[in-house]
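Colleague: next come a sequence and a model predicted from it.
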Amino acid sequence: MPKKIAKNTTNLKKGLAQMLKGGVIMDVVDPEQAKIAEDAGAVAVMALERVPSDIRRDGGVARMSDPIMIKGIMKAVSIPVMAKVRIGHFVEAQILEALGIDYIDESEVLTPADEEAHVDKSKFKVPFVCGATGLGEALRRIDEGAAMIRTKGEAGTGNVVEAVRHWKKIMRELEALIKMNAAERKKAAASMRVSLELVTKVAKDGEFPVVNFAAGGIATPADAAMMMQLGCDGVFVGSGIFKSSDPKRRAKAIVEAVMYFNDPAKIAKASEGLGEAMHSLEITKLDDRFAERGW
Amino acid sequence: MKAGVLAIQGSVIEHVRALKRAGAGDVIEVRTTADLDKVDLLAMPGGESTTIGKLLKLEGLGKAIIKRVRTGMPVYGTCAGAILLAKTVSGDLKADNLGLIDIDIERNAYGRQLDSFESEIEVLGKTIHAVFIRAPRILHVGSDVEILAKYQSDIIMCRQGNILVSTFHPELTLDTTVHKYFLKMCDAES
């Protein structure tokens, strides 16, 4: 008797993110970089047209990558391939789905396309990851259908401070939510503009409902291990690898630091002689704070 | 008996919880050869087989696992874990496999994430829900390998002595059938 098969379910969308835990997802702009990332031990790559530090430098509208480049990257590596769409740009998301991408990042690093609505992610077969600066924002994205969350951090700066801030805020607010009684939960759901159903589930389970990575400003093995020790499930590294002086070594070092995040001697060894980190930026002097895009 | 879950990357905590649900008392995460020395059995989780395979080579953990499994330590690999335990990996996509169970396996054999699927399967006389994520396909098994479950015509779970593999992820569901079977297998081997 043929059995019923289900595809593209919430279970499967969240499940792929579960398989990426404890790993490093690296931004790449072409197949060569994707291959370097895979060889270094990345669990997935993120295809985009320019890394965040170049987007900051060049300005202009940052959009989804050329499909030819994305297809080239998908062909070049056997690990999952993610790609970014602008906040609210559901047609860019449709294009990525048509290309058969493994995960879509609705990302504040690109120029937002809609100031009223994020993409209705529940309508897509491909799973989505979204950035968040706090618990309410994270849960709103999950209500819209996101199957994975990452901190926004401040991409392209090489400064981890915002990722730390966002992570701690999410965890602090999560702890508070878990302790709430039913009436307080109802109030919290209303103030966060999140469904009571999701708030109740999170409180009942006592844990964050999807895989939650760190992203935005991670530039060194120590940054990556720090985010892991704070409790993140894994890390995204954007400009930090391919804008450093020795991408191959740095990529490998960050992968090792994430695996041995609790072992300072091993992180020390991984951190040796990596050359220059990416060019960094002082966040207070930025004209454009990417983390403020989206809501 | 102390159970271990290989904790390089992937569905580690899911396996820890599944083993506990199935009745394992003490479960630890295994990152180093020193951790491996402490355990009597090992689960190798789902994840990215390229990543896990590379990191297994870093400090000799892969070699230590080969040695332990060859001298009888029970091991169970799901998805990426199954790939890493396989004797051969066919097709274009390679892996740094350990070559322990006499099967030939193909990575990402059903396609990309859009082709990932869930289905009811028959295993060990029970119907359970199985989750396949960018799953590998077992193309061939040696004559010593016992086939334990099939999905359509594909072998999805099999065993050779102290080595158990499945291409699906029982750690992602609450059903304890497969992990209980693994623990029972460990009792018999010890």
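Modeller: Looks like it came in fine.
Colleague: can you list contacts of stretch A:272-282?
Modeller: Contacts to stretch A:272-282, defined as CB atoms under 8 Å, 6 or more residues apart in numbering or on different chains, come from residues A:53, A:56, A:156-159, A:219-221, A:239-240, A:243-246, A:249-250, A:253. C-beta: built from backbone N, CA, C; applies to glycine.
Colleague: how about 6 Å then?
Modeller: The contact list for stretch A:272-282 (CB atoms under 6 Å, 6 or more residues apart in numbering or on different chains) reads A:157-159, A:219-220, A:239-240, A:243-246, A:249-250, A:253.
Colleague: what does stretch A:125-137 give?
Modeller: The contact list for stretch A:125-137, computed with CB under 6 Å, 6+ apart, reads A:8, A:13, A:97, A:101, A:103-106, A:108, A:121, A:138, A:141, A:146-150, A:152, A:166, A:169-170, A:173-174, A:192, A:291, B:114.
Colleague: coming back round to it: ok, and the most crowded of the contacts of stretch A:272-282?
Modeller: Using other CB atoms under 10 Å in any protein chain shown as the neighbour test, these are led by A:G240, with 32 neighbours.
Colleague: which residues are in contact with the residue nearest to that one when sequence neighbours are not counted?
Modeller: With sequence-adjacent residues excluded and distances taken as CB to CB, 6 or more residues apart in numbering or on different chains, A:G240 is closest to A:A219, at 4.1 Å. A:A219 is in contact with A:G158, A:G240, A:A277, A:M278, counting by CB under 6 Å, 6+ apart.
Colleague: mind listing the helices for chain A?
Modeller: Along chain A, counting by DSSP state H, helices occupy A:10-20, A:31-40, A:52-58, A:67-76, A:90-99, A:135-143, A:161-179, A:182-192, A:196-205, A:221-229, A:239-242, A:247-259, A:264-271.
Colleague: what distance do you get for the nearest residue to A:E173 once chain neighbours are set aside to A:M171?
Modeller: What sits nearest to A:E173 in space, not counting adjacent residues and going by CB to CB, 6+ apart, is A:L135, at 3.6 Å. Going from A:L135 to A:M171 by CB to CB, to the nearest Å gives 9 Å.
Colleague: the more surrounded of the two?
Modeller: Per other CB under 10 Å, whichever of A:L135 and A:M171 has more neighbours is A:L135, with 24 against 16.
Colleague: do you know how far the more buried one is from chain B?
Modeller: Going from A:L135 to chain B by CB to the nearest CB, to the nearest Å gives 21 Å.
Colleague: give me the pLDDT for that residue.
Modeller: For A:L135, the model assigns a pLDDT of 98.
Colleague: what does the residue nearest to A:D120 when sequence neighbours are not counted show for phi and psi?
Modeller: Nearest non-adjacent residue to A:D120, counting by CB to CB, 6+ apart: A:E144, 6.2 Å away. Dihedral angles of A:E144 (phi, psi; degrees, to the nearest 10) stand at phi -80, psi -10.
Colleague: wait, isn't A:E144 in contact with A:K123?
Modeller: No - using CB atoms under 6 Å as the test, A:E144 is too far from A:K123 to be in contact (9.7 Å).
Colleague: let me see the ranges of the strands in chain B.
Modeller: With DSSP state E as the criterion, chain B has strands at B:2-6, B:26-30, B:41-44, B:75-78, B:86-90, B:101-106, B:117-123, B:126-132, B:137-141, B:146-151, B:154-160, B:163-166.
Colleague: from A:D102, how far out is A:A189?
Modeller: For A:A189, the distance to A:D102 equals 32 Å [CB to CB].
Colleague: and for A:D58?
Modeller: Using CB to CB, A:D58 is found at 28 Å from A:D102.
Colleague: more crowded one of the two?
Modeller: A:D102 (22 against 9).
Colleague: so what's the more buried one up against?
Modeller: A:P80, A:V81, B:R112, B:Q113.
Colleague: now, the most widely separated pair of these?
Modeller: The span of the contacts of A:D102, defined through CB to CB, is set by A:V81 and B:Q113 at 9.3 Å.
Colleague: what is the burial count for residue 92?
Modeller: Chain wasn't specified; assuming chain A. Other residues near A:E92 come to 21 when the count uses other CB under 10 Å.
Colleague: was after chain B, sorry
Modeller: With other CB under 10 Å as criterion, B:D92 counts 8.
Colleague: who in chain A is up against chain B?
Modeller: Within reach of chain B by CB under 6 Å from any CB of the partner chain, chain A has these residues: A:3, A:5-7, A:12, A:15-16, A:18-19, A:22-23, A:41, A:43, A:78-79, A:100, A:102, A:125, A:259.
Colleague: please repeat the previous calculation with a cut-off of 7 Å.
Modeller: Residues of chain A lying near chain B by CB under 7 Å from any CB of the partner chain: A:3-9, A:11-12, A:15-16, A:18-19, A:21-23, A:38, A:41, A:43, A:78-80, A:100, A:102-103, A:125-127, A:256, A:259-260.
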